[in-house]
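S.K.: Sharing a sequence plus its predicted fold:
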Amino acid sequence: MLDHAERYRHQLSGGEQQRVALARARAPRPRVMMLDEPFSNLDISLRSQLRDLVLHVVKRTAASTVIVTHDPEEAMFMGDRIGVMRDGRIVQQGTPEELYDHPVSAFVAELFSDVNHIHGIVRGGRVETPLGVVAANGLADGTKAEVLVRPDSLVLGPVADGTASGSVLAVRMLGESSLVHLGVARGPGSEDLHLHVRIPGRPRPREGDTVGIRLEADRVFVFPLIDG
């Protein structure tokens, strides 16, 4: 940034302004720093570069750093510990792994990834879904439940006896993975269940194909259904 020492602030790019702000914040060698939305209003490429830069700068210092962000991926990338706030209070805190693998509510689960929603009733400590039966995690029988399934917790394969199946509605290539849209029949009089499944690499199914669906039940979250 020395080449820009004679420039006014408005003559610097957004990324240059952020780097100057970080340098000024670090200059007094504070014991605690707070960064409030430090990467907002930056394009994707520059945001990625600055996040990496700030992460390594913060790691090299002894200062405790609090970062405020509305970007869940950014929180997981930057934070050793994350506090999730809703309506002005912390609803869960822990490491990125703890929040991703053990969310305490549907709100937290949805915050850190896309999810498929399946509704059901708890009977005998379990919830029956079109994809199979899942444990209800201590919910009382008769409770209306919401089953959350991440797109990468579903595995596609050949149709087999005892396995759920669905029709491929669309396939979208997303680089190293693809997002498959599936329609799963739920019986007469019921609207088909629409699912998103994320699959790695190739080959990819084609629109109109019928595929088998295997649910990784240990990666499913069940919570009481709210407002429904």
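M.R.: Looks like it arrived, so ask away.
S.K.: For residue 76, which three-state class applies?
M.R.: Using DSSP: H, G, I helix; E, B strand; the rest coil, the structure places residue 76 in helix.
S.K.: contacting residues around the nearest residue to it once chain neighbours are set aside?
M.R.: Distance criterion CB to CB, 6 or more residues apart in numbering; nearest residue to residue 76, sequence neighbours excluded, is residue 96 at 4.2 Å. C-beta: built from backbone N, CA, C; applies to glycine. By CB atoms under 8 Å, 6 or more residues apart in numbering, residue 96 lies in contact with 75, 76, 79, 82.
S.K.: run the last query once more with 7 Å
M.R.: 76, 79, 82 (CB atoms under 7 Å, 6 or more residues apart in numbering).
S.K.: gap between it and residue 15?
M.R.: 25 Å (CB to CB, to the nearest Å).
S.K.: Assign a three-state SS to the residue nearest to residue 154 when sequence neighbours are not counted, would you?
M.R.: Closest residue in space to residue 154, ignoring its immediate chain neighbours: residue 197 at 4.5 Å, by CB to CB, 6+ apart. Three-state call for residue 197 (three-state DSSP): strand.
S.K.: thinking residue 197 is in contact with residue 155, fair?
M.R.: No - using CB atoms under 7 Å, residue 197 is not in contact with residue 155, being 8.2 Å away.
S.K.: which one of these two has more residues nearby?
M.R.: It is residue 197, of residue 197 and residue 155, that has more neighbours when counted by other CB atoms under 10 Å, with 24 against 13.
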